[in-house]
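Novice: attaching a predicted model along with its sequence, questions to come.
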Amino acid sequence: MKKNRNKRLITVCILTCMLLPLNACGKQGDITASEEPQQQITEQVSTEETAEIFLTNQMTENELSRVSKHELTLLDEPTEDSDKAEWDPTGHTVAVEEKTTTPAEEIAKLEEMRDYLPESDYQDILKDYQAMEPDAVIKNRFVLLDGKLMEYTIPETDFKDDFISISEIRTDSDGNETEIIEKFSSLDEYLDWVRKDCVASKGYSESAAELMAQRVKYAYEAIQNGEAEILPQGTVNPSDPSLYSDFDEESSDYRNEWEYDRAEVEKIKDSIDEINIYDEELDTEFLVHVTLPPNYDKDKSYPVFFLTDGVWRFGNHPSLRKAMEEGEASDVILVSLGYNYHMNGADGNIRGQYFVQNRALLLDFITNNLMPYLGENYNIDYENSTLYGHSDGGVFTHYALFNSDRYENQPFGRYIIGSPAFWGLYDTTFNLDPEGCETDYGYFDRHEVLDKKVFLCGGSEEDPDYEASYNGHASTLEGIENLKNRLEAHNASVTCKLYESHHYQYIPDMLVEYLKDTYPPE
């Protein structure tokens, strides 16, 4: 996407690539399981009576107020009205920091951010600062809407006696640069320019451009009306990537990224509940699909088969439910966790952000918010419920397993760790604690035994898939073997199976096989 570069920019937006872009993990396909399974997948569900587990819902009042449980909307087709931008102007916050610096201070900050910038941009910005007088005063004005830096300049003038001007550098086909100064005599005139620039320079849709214009207007009016919070100098750190957001996500619909058989989903859609549920700590609205088993009885208790990567794994609900319908497995409640349709759950950066970088917060959300909420709406047998994750999700389920003892709530008794990308934890860009992973986060220093059941799995042919990313660390299959050995050394209930497959192709058949073996027909 081509963007015009503004030589008068004082703040440089840093766009960081999160990590572990394993966005191929969900492509569905047929696989051939090993002819000689190493062993049965896992022990069958015990028929012995155990103490019933109850969970405490720790959602805040705000989180509870934002939950929406409704019919399936994944199959809905976009309409003309759905593309019209509507932005709710209530409940938002605006904050402003006025800051003055010198050219030398700006050059020092530029040096800190050099690794994030294209060399040509770095050199151009550096020349601008070096051309200034040493005692020049540079005025920076940071405007934040809901804690995120605004992408467009918010006018300081009230337009009564002044106007706003925008300067940008445009390059023609021959590489010649021309400085263009845009002047606007009214806010509406400026907002029209914002709409056009969003489409022309940033590649946003017209709907997204309209939303941006509405946000700019809201921030402008809040400042003019004295409703904006004034921040002390030094509050805003423009090199903090958390201050930047992919605005276009707010107006995008990523339903086309979800992989499923429409006809098969249509057959069971009346048994599917769709839940939008917000988490304050992650500032994220998740999308949960709950598929109830055949002849669901609300007074009967059912295990939950919980699948992460809903963008792909919701597509497995029909085949899993079919196994129940045909009497090949006992009834369970299928749950898949994804993100609302404005986020692309197939994107490797998003998966890495939640499954790896923020895995502790995601575990908090599932353990203390989501699973207790589901338990209030469905009768769940937590002791025999299973949590599944693959690749980055496998890193997460490994973390969830060996930190489960830190929680009073115990929503799962079983864990599937599929093709865990442990090697990604060695990415030096982030502090991801690979040592903690290698020691299973000290679980066996705190406990002698593991009271959970574990299924490890992977594709026998997958090691070459990400060979360039190992950087001397254990490969995917070596990581599985090392974990298996550690668990067996502590007499844990662990089963390991490799399928004749690459990184992800084995998943659909593995899930059905696991369901049949772990939850056999009564």
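Specialist: Received, thanks. These figures come from a predicted structure and were not determined experimentally.
Novice: every contact and neighbour count from this point should use C-alpha atoms.
Specialist: Will do.
Novice: residues of stretch 437-447 that come out buried?
Specialist: Neighbour-count burial for stretch 437-447, counted by 16 or more other Cα atoms under 10 Å, picks out C437, D440, Y441, Y443.
Novice: ok, stretch 449-466 next?
Specialist: Under 16+ other Cα under 10 Å, the buried positions of stretch 449-466 are L450, K452, K453, V454, F455, L456, C457, G458, G459, S460, E462, D463.
Novice: got CSV for those, with secondary structure and distance to H398 too?
Specialist: Below are the buried residues of stretch 449-466 laid out as CSV (DSSP: H, G, I helix; E, B strand; the rest coil; distance: Cα to Cα, whole Å):
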residue, secondary structure, distance to H398
L450, coil, 13
K452, coil, 12
K453, strand, 12
V454, strand, 9
F455, strand, 11
L456, strand, 10
C457, strand, 12
G458, strand, 14
G459, strand, 18
S460, coil, 20
E462, coil, 19
D463, helix, 19
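Novice: Throw those residues into TSV and include pLDDT, thanks.
Specialist: Converted to TSV, those look like this (pLDDT from 0 to 100):
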residue	pLDDT
L450	96
K452	97
K453	97
V454	98
F455	98
L456	98
C457	97
G458	97
G459	97
S460	97
E462	96
D463	96
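Novice: quick one on the thing from earlier: any chance of the buried residues of stretch 437-447 in TSV, with pLDDT too?
Specialist: Shown next, in TSV, are those (pLDDT from 0 to 100):
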residue	pLDDT
C437	94
D440	96
Y441	96
Y443	97
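Novice: circling back: and which of the buried residues of stretch 449-466 is nearest R195?
Specialist: Ranked by distance to R195 (Cα to Cα), these are led by E462 at 46.4 Å.
Novice: look up how far W423 lies from that closest one.
Specialist: 14 Å (Cα to Cα, to the nearest Å).
Novice: and A136, by the same measure?
Specialist: Taking Cα to Cα, one finds A136 at 49 Å from W423.
Novice: who has more neighbours, these two?
Specialist: More crowded of A136 and W423, by other Cα atoms under 10 Å: W423, with 21 against 13.
Novice: hang on, that one packs against S475?
Specialist: Yes. Taking contacts as Cα atoms under 8 Å, W423 lies within contact range of S475: 6.7 Å.
Novice: center of this structure, which residue is that?
Specialist: In the chain, the C-alpha nearest the mean C-alpha coordinate belongs to I350, at 4.0 Å (Cα atoms, centre = their mean).
Novice: how about it, phi and psi?
Specialist: Main-chain dihedrals, I350, degrees, to the nearest 10: phi -70, psi -40.
Novice: check what pLDDT it gets.
Specialist: Note on I350: pLDDT of 89.
Novice: narrow the buried residues of stretch 437-447 to those in helices?
Specialist: Among the buried residues of stretch 437-447, the members found in helices (DSSP state H) are C437, Y443.
Novice: for the stretch 101-250 of the chain, which segments count as helices?
Specialist: 103-112, 119-130, 187-202, 206-224 (DSSP state H, counting those that start in this stretch).
Novice: that older thread, can you lay out the buried residues of stretch 449-466 as JSON lines showing distance to L374?
Specialist: Shown next, in JSON lines, are the buried residues of stretch 449-466 (distance: Cα to Cα, whole Å):
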{"residue": "L450", "distance to L374": "26"}
{"residue": "K452", "distance to L374": "21"}
{"residue": "K453", "distance to L374": "22"}
{"residue": "V454", "distance to L374": "23"}
{"residue": "F455", "distance to L374": "24"}
{"residue": "L456", "distance to L374": "26"}
{"residue": "C457", "distance to L374": "27"}
{"residue": "G458", "distance to L374": "30"}
{"residue": "G459", "distance to L374": "32"}
{"residue": "S460", "distance to L374": "36"}
{"residue": "E462", "distance to L374": "35"}
{"residue": "D463", "distance to L374": "37"}
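Novice: quick one on the thing from earlier: nearest to P155, of the buried residues of stretch 437-447?
Specialist: Nearest member of the buried residues of stretch 437-447 to P155, counting by Cα to Cα, is C437, at 49.2 Å.
Novice: who does E274 form a beta bridge with?
Specialist: For E274, the beta-bridge partners under DSSP bridges are H70, H289.
Novice: quick one: it and E71 touch, right?
Specialist: Yes. Contact criterion Cα under 8 Å: E274 and E71 qualify, at 5.6 Å.
Novice: quick one: which of these two has more around it?
Specialist: For the pair E274 and E71, the greater number of neighbours falls to E274 (19 against 14), based on other Cα under 10 Å.
Novice: report pLDDT for the closest residue to P89 other than its chain neighbours.
Specialist: Closest residue to P89 apart from its sequence neighbours, by Cα to Cα, 6 or more residues apart in numbering: Y218 at 7.3 Å. According to the prediction, Y218 has pLDDT 93.
Novice: distance of P294 relative to A329?
Specialist: Distance from P294 to A329, counting by Cα to Cα: 11 Å.
Novice: more neighbours, the two?
Specialist: A direct count of neighbours by other Cα under 10 Å for P294 and A329 places A329 higher, at 23 against 17.
Novice: wait, that one touches V512, no?
Specialist: No. Checked against Cα under 8 Å, the pair A329 and V512 is beyond contact range at 9.1 Å.
Novice: which non-adjacent residue is nearest L243?
Specialist: K148 (4.7 Å).
Novice: distance of the one you found from Q353?
Specialist: 18 Å.
Novice: what are the boundaries of the strands in the stretch 401-522 of the chain?
Specialist: 414-418, 453-459, 493-499 (DSSP state E, counting those that start in this stretch).
Novice: got the ones you listed as CSV, with distance to A263 columns?
Specialist: Shown next, in CSV, are the strands of the stretch 401-522 of the chain (distance: least, Cα to Cα, whole Å):
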stretch, distance to A263
strand 414-418, 28
strand 453-459, 29
strand 493-499, 28
